[in-house]
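Q: sequence and predicted model, in that order:
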Amino acid sequence: MENKSRAQGKWEVWQTFAKGCTVQLMILIQQFTGKFAVSLLHLDHNHEIPRQQFQLYPDQRRPTGYVADEVDSMLSVNGKRTLVAKVLHSQRFV
């Protein structure tokens, strides 16, 4: 069975293998408990890493200022994260 991509062609492809990049991350997952451990980690790149490649990582997308205050307020009264995200997107905060 062939795997079909669900991508819409919106992302630029960064070919690090073609550059001979030696970065490696291996994670072992224990099947029954679901626990995981990093068993191999090499972070040395031999090429530049474009800002667009990592700017959308979750730690780069945190709200600031007024929006951060609104999020804190909603979450402090036990607001569901998914609903808070919907409110932010509907009001064009993010």
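A: Received the coordinates, thanks. Numbering: from 1, shown residues only.
Q: please make it C-alpha for all contacts and neighbour counts, starting now.
A: OK.
Q: and the helix or strand hosting Leu75, what does it pack onto?
A: In this assignment (DSSP states H and E), Leu75 forms part of helix 65-76. Applying 3 or more Cα pairs under 8 Å, 6 or more residues apart in numbering; DSSP states H and E, one finds that helix 65-76 contacts helix 81-90.
Q: so the helix holding Leu75 versus helix 81-90, what angle?
A: If you take axes from the mean of the first three to the mean of the last three Cα atoms, to 10 degrees, helix 65-76 sits at 150 degrees to helix 81-90.
Q: quick check: buried residues in helix 65-76?
A: 71, 74 (16 or more other Cα atoms under 10 Å).
Q: by mean pLDDT, point me to the weakest helix or strand of this structure.
A: One helix or strand of the chain scores below all others by mean pLDDT, DSSP states H and E: helix 51-54, with a mean of 75.
Q: for that helix, C-alpha coordinates in CSV please.
A: This file holds the C-alpha atoms of helix 51-54, laid out as CSV (Å, rounded to 0.1, in the frame of the first residue of the first chain):
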residue,chain,number,x,y,z
ARG,A,51,14.7,31.1,10.0
GLN,A,52,11.5,30.1,8.2
GLN,A,53,12.3,26.5,9.0
PHE,A,54,11.9,27.0,12.8
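Q: from now on call the first residue 407
A: Renumbered: residue one is now 407, and that last one reads helix 457-460.
Q: same for that helix, what does it pack against?
A: Helix 457-460 packs on no helix or strand, going by 3+ Cα pairs under 8 Å, 6+ apart.
Q: if I look at Leu431, how far off is His448?
A: Per Cα to Cα, to the nearest Å, Leu431 is found 7 Å from His448.
Q: re the thing from before, okay, the helix holding Leu481 in CSV with CA atoms only?
A: Included here for helix 471-482 are C-alpha records, laid out as CSV according to Å, rounded to 0.1, in the frame of the first residue of the first chain:
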residue,chain,number,x,y,z
GLY,A,471,1.5,41.7,25.4
TYR,A,472,-2.3,42.2,25.5
VAL,A,473,-2.9,38.8,23.7
ALA,A,474,-0.8,37.0,26.4
ASP,A,475,-2.8,38.7,29.1
GLU,A,476,-6.1,37.6,27.5
VAL,A,477,-4.9,34.0,27.1
ASP,A,478,-3.8,33.9,30.8
SER,A,479,-7.1,35.3,31.8
MET,A,480,-9.1,32.7,29.9
LEU,A,481,-6.9,29.8,31.1
SER,A,482,-7.0,31.0,34.7
